[in-house]
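Participant: predicted model follows, preceded by the sequence.
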Amino acid sequence: QVQLVQSGAEVKKPGASVKVSCKASGYIFTNYCMHWVRQAPGQGLEWMGIIYPSSGDTSYAQNFQGRVSMTRDTSTNTVYMDLSSLRSEDTAVYFCARGWGSGFYYMDVWGKGTTVTVSS
Amino acid sequence: QSALTQPRSVSGSPGQSVTISCTGTSSDVGGYNYVSWYQHLPGQDPKLIIYDVNKRPSRVPDRFSASKSGNTASLTISGLQAEDEADYYCCSYAGGGTYGVFGTGTQVTVL
């Protein structure tokens, strides 16, 4: 079955970077894109960006421009989300989600989430 | 890009209907027919329940319906059930490389 398995929880200090992975299985990896979405404690969902595994092309939300980088490894069917210059407000659960449907705008399968805690 | 506006909470008794509004602008909800809705239970991953404004994935019961008028999209849950208690988020394509702007989220409580 289609599955997205994310890496484990991370604790980082302010100013550091974090890299979260998302390994896909059960479908043709390069036929779909991958979104990243986060949810801070007590807050709503926030779209961060998208990567097309077939080409490596990306598009990032304005709020994260310059701080986020999304990459992929087609040999392992894995996408990565790298967030730099971390601050306490980046403490959140980070989800990867497969893009599906019209323009791949929709997120039909989600990972279980990776908790990132930023604390000194 | 600002978050779409949803009511913080709505509630209803079992069997009743509730409607959640999602207000954006002509740059997102009003400009495209790419609105989706997600059901999110705490501690779980969100589930897609509506796409293309008013279409349901096959596994989603027809108690869930949705529509759009101008800059406002709406989700209606008919025949409310205890299992529907969750947070609901709308999401819209916004062009210019912004594939998703989420709503502020609505907590649905079944009384």
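Facilitator: Structure received. Everything quoted here is computed from the prediction, not taken from an experiment.
Participant: most remote residue from chain B's center?
Facilitator: residue B:96 (22.5 Å; Cα atoms, centre = their mean).
Participant: from residue A:34, how far off is it?
Facilitator: Using Cβ to Cβ, to the nearest Å, residue B:96 is found at 20 Å from residue A:34. Backbone N, C-alpha and C define where each C-beta goes, glycine included.
Participant: can you give me phi and psi for the residue farthest from the centre of chain B?
Facilitator: When read as degrees, to the nearest 10, the backbone of residue B:96 gives phi 60, psi 30.
Participant: okay, and the beta partners of the most centrally placed residue in chain A?
Facilitator: With distances taken as Cα atoms, centre = their mean, residue A:36 lies nearest the centre of chain A, 3.3 Å away. Using DSSP bridges, the bridge partners assigned to residue A:36 are residue A:49, residue A:96.
Participant: coming back round to it: check what pLDDT the residue farthest from the centre of chain B gets.
Facilitator: At residue B:96, the predicted lDDT confidence score is 86.
Participant: can you check the one 4 residues further on too?
Facilitator: According to the per-residue confidence, residue B:100 scores 92 in pLDDT.
Participant: not counting its neighbours along the chain, what's nearest it?
Facilitator: residue A:47 (3.7 Å; Cβ to Cβ, 6 or more residues apart in numbering or on different chains).
Participant: what's the answer for residue A:86, then?
Facilitator: residue A:118 (4.6 Å).
Participant: number of nearby residues for that neighbour?
Facilitator: By other Cβ atoms under 10 Å in any protein chain shown, 20 other residues sit near residue A:118.
Participant: how much space separates it from residue A:13?
Facilitator: Going from residue A:118 to residue A:13 by Cβ to Cβ gives 7 Å.
Participant: any residues in contact with both of the two?
Facilitator: The contact sets of residue A:118 and residue A:13 overlap at residue A:86 (Cβ atoms under 8 Å, 6 or more residues apart in numbering or on different chains).
Participant: residues from chain A in reach of chain B?
Facilitator: Chain A comes close to chain B at residues A:35, A:37, A:44-47, A:50, A:59-63, A:95, A:97, A:99-108, A:110-113, as judged by Cβ under 8 Å from any Cβ of the partner chain.
Participant: so of those, which ones are in strands?
Facilitator: Members of the residues of chain A next to chain B lying in strands (criterion: DSSP state E): A:35, A:37, A:45-47, A:50, A:59-60, A:95, A:97, A:99-100, A:106-108, A:110.
Participant: in PyMOL, select just the buried ones from the residues you listed.
Facilitator: Only the buried members of these end up in this PyMOL selection, burial being decided by 16 or more other Cβ atoms under 10 Å in any protein chain shown:
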select buried, chain A and resi 35+37+45+46+47+50+60+95+97+99+100+106+107+108+110
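Participant: where's the dip in pLDDT among the ones in strands among the residues of chain A next to chain B?
Facilitator: Where pLDDT dips furthest among those: residue A:100, at 90.
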